[in-house]
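# Output the structure for:
(one chain, ligands or ions: 2)
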Amino acid sequence: MKTIEDLDVAGKRVFVRADLNVPLSGGTITDDGRIRAVAPTIAKLLERGAKVVVASHLGRPKGEPDPQFSLAPVAVRLGEILGRPVAFAADTVGESAKATVAALADGEVTLLENLRFNAGETSKDDAERGAFADELAGLADLYVGDGFGAVHRKHASVYDLPARLPHAVGDLIATEVGVLKRLTEEVERPYVVVLGGSKVSDKVGVIDNLLGKADRILIGGGMAYTFLYALGHEVGISLLQKDQVPTVLEYLERGKQNNVEFVLPVDVAVSASFPDTKTHAPVEDFEIVDADGIPADKEGLDIGPKTRALFAEKLADAKTVFWNGPVGVFEHPTFAEGTKAVAQALLDSDAFTVVGGGDSAAAVRILGFDEEKFGHISTGGGASLEYLEGKTLPGLAALEG
Ligand SMILES: Nc1ncnc2c1ncn2[C@@H]1O[C@H](COP(=O)(O)OP(=O)(O)O)[C@@H](O)[C@H]1O
Ligand SMILES: O=C(OP(=O)(O)O)[C@H](O)COP(=O)(O)O
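Ligands and ions are numbered 1, 2, ... in the order given. Predicted coordinates for the structure are as follows:
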């Protein structure tokens with residue numbers, strides 16, 4: 001792969017596909033880690049006299065503009081981090097984008113509006129994606145792929161656009177891949193993987209491959225309830241992916257055969273409704289129940305104290321840990337204890353620790369842990385999981401050659 005040093009960027013329009021999908025609470029950025037992670041690449045290009053066109057997705061809008069997913073607050077924060085103005089284009093490939101890009105002088109930068117406000121970005125139809133990539137290509141002379149968190153997506157800006165422009169890999173992706181490679185080669189054992197979060201259907205599949213690699217798999221977060229349900233437990237109104245039940249049962253069976261230990265919650269924190277993560281209003285009906293006793297009208301929102309101790313015990317002797325997905329709704333203090341306990345257990349072990357995922361990385365910082373104390377904090381959750389699976393990632397394949 002070419003690096004940005006291999007590109008002659010002076011005076012050229014350089015499209016930087018970043019992952020600026022940061023957590024927001026009512027328009028306020030609660031963690032700017034992903035912006036800080038890609039800023040050095042942008043700064044380097046600007047210093048070399050490029051006109052930089054930054055683009056990203058934010059959240060999962062439905063292929064049309066949706067103000068709650070606007071990147072406008074991100075443009076402001078990016079400007080503060082770079083220490084220079086960032087012109088914000090109010091659309092992605094429309095009049096605003098064209099005019100903003102045309103007005104860029106050498107060493108100036110613009111951020112386009114959310115790529116996913118356009119149906120072509122995520123389309124499964126090659127022609128529709130290609131047509132959108134053609135429009136994006138009209139805005140630039142060169143392409144730099146540096147949105148590690150999105151390299152597992154076969155999307156127009158990630159996969160189709162680099163085929164249309166001379167391209168290179170950005171410094172963030174290069175660093176991420178360098179570290180994750182270590183986990184695909186010789187890992188020191190015990191190798192413990194902690195899976196949580198809410199993107200259950202996206203991430204259950206990675207267990208297939210982990211069954212041949214990990215020694216222990218700890219399941220928390222939204223993913224846990226599909227496992228508990230598969231074992232015949234009532235999970236109330238918890239996050240549940242019923243279609244994954246046969247898969248989960250098969251994994252549990254293969255775990256037994258392959259000597260891979262699954263560790264599931266033995267108790268959980270529940271409430272009748274999802275907590276207010278913006279106001280942090282107290283949760284009056286919060287209670288801890290056994291994992292096989294979740295009331296029918298309650299939702300599991302965190303692992304309980306017995307599970308926190310169990311997870312800590314299962315992490316204590318680890319030599320390598322990969323963690324993706326908060327084990328509870330850490331955005332509300334009542335349900336942050338499990339995620340805190342996992343982060344602390346990682347620090348207490350002498351393992352090489354990799355934490356991956358937009359929300360997992362944010363959780364570590366928001367809950368007050370020193371990110372320097374972890375082996376590596378990856379900006380990608382799904383991306384790092386799929387990389388560890390050994391899959392060909394569309395956004396990396398597209399940067400080769
Ligand atoms: N039990 C649960 N029920 C619903 N959501 C949960 C639960 N546990 C964790 N979450 C949510 O999962 C989200 C993060 O999931 P995900 O995007 O998969 O992680 P990452 O961004 O680290 O890859 C957080 O916003 C958190 O509130
Ligand atoms: O947040 C992201 O992934 P992650 O939650 O797995 O870290 C990326 O920005 C990808 O977003 P997507 O899962 O909506 O494609």
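
# number of nearby residues for the closest residue to ligand 2 within the stretch 201-350 of the chain?
Nearest to ligand 2, among the residues of the stretch 201-350 of the chain, is Asp202, at 6.4 Å (Cβ to the nearest ligand atom). Every residue, glycine included, has its C-beta placed from N, CA and C. Neighbour count for Asp202, taken as other Cβ atoms under 10 Å: 15.

# Phi and psi next, for the residue lying closest to Leu210 once chain neighbours are set aside.
In this structure, Leu210 finds its nearest non-sequential neighbour in Val193, 5.6 Å apart by Cβ to Cβ, 6 or more residues apart in numbering. Here is the backbone geometry of Val193 (degrees, to the nearest 10): phi -110, psi 130.

# wait, Val193 sits on Ile219?
No. The criterion here is Cβ atoms under 8 Å, and Val193 misses it with Ile219 at 9.3 Å.

# Quick check: neighbours shared by these two?
By Cβ atoms under 8 Å, 6 or more residues apart in numbering, Val193 and Ile219 have no common neighbours.

# Surely Phe15 is within a helix?
No. Assignment of Phe15 by DSSP: H, G, I helix; E, B strand; the rest coil gives strand, placing it outside any helix.

# related to what we said a few turns ago, which secondary structure element contains the residue of the stretch 201-350 of the chain closest to ligand 2?
Taking DSSP states H and E as the criterion, Asp202 maps to helix 200-203.

# Need the residues that contact that helix.
Outside helix 200-203, the residues that touch it by Cβ under 8 Å, 6+ apart are 195, 197, 222-223, 226, 239, 241, 243-244, 324-325, 381-382, 385.

# repeat for stretch 150-158
Residues from elsewhere that reach stretch 150-158 (Cβ under 8 Å, 6+ apart): 17, 19, 21, 55-57, 115, 120-123, 129-130, 132-133, 136, 145, 147, 159, 173, 380, 382-383, 386-387, 391, 393-396, 398.

# Out of those residues, list just those in helices.
Within the contacts of stretch 150-158, residues falling in helices by DSSP state H are 120-122, 129-130, 132-133, 136, 173, 382-383, 386-387, 394-396.

# just these now: which is nearest Asp106?
Using Cβ to Cβ, the shortest approach to Asp106 within the ones in helices among the contacts of stretch 150-158 belongs to Leu136, at 21.0 Å.

# Can you give me the neighbour number for Phe105?
You called it Phe, but residue 105 is Ala. Neighbours around Ala105, by other Cβ under 10 Å: 8.

# Ligand 1 contacts on the stretch 301-401 of the chain?
Within reach of ligand 1 by Cβ under 6 Å from any ligand atom, the stretch 301-401 of the chain has these residues: Leu301, Asn324, Gly325, Pro326, Gly328, Val329, Glu331, Gly357, Gly358, Asp359, Ser360, Gly381.

# Just the helices from the stretch 151-300 of the chain, written as ranges.
All helices of the stretch 151-300 of the chain, identified by DSSP state H, counting those that start in this stretch, fall at 171-184, 200-203, 206-210, 224-230, 245-258.

# and Lys340, which of the ones you listed is closest to it?
Between the helices of the stretch 151-300 of the chain, helix 224-230 lies closest to Lys340; by Cβ to Cβ that is 16.9 Å.

# How far off centre is the closest one?
Counting by Cα atoms, centre = their mean, to the nearest Å, helix 224-230 is centred 23 Å from the centre of its parent chain.

# for stretch 269-282, same thing?
Worked out by Cα atoms, centre = their mean, stretch 269-282 lies 23 Å from the chain centre.

# What are the buried residues along that stretch?
The neighbour-count check on stretch 269-282 (16 or more other Cβ atoms under 10 Å) flags Ala269, Val270, Ser271, Pro275, Thr277 as buried.

# do stretch 153-164 as well
Arg153, Lys154, His155, Ala156, Ser157, Val158, Tyr159, Asp160, Leu161, Pro162, Arg164.

# Kindly check the end-to-end length of that stretch for me.
End-to-end distance for stretch 153-164: 17 Å, by Cα to Cα, to the nearest Å.
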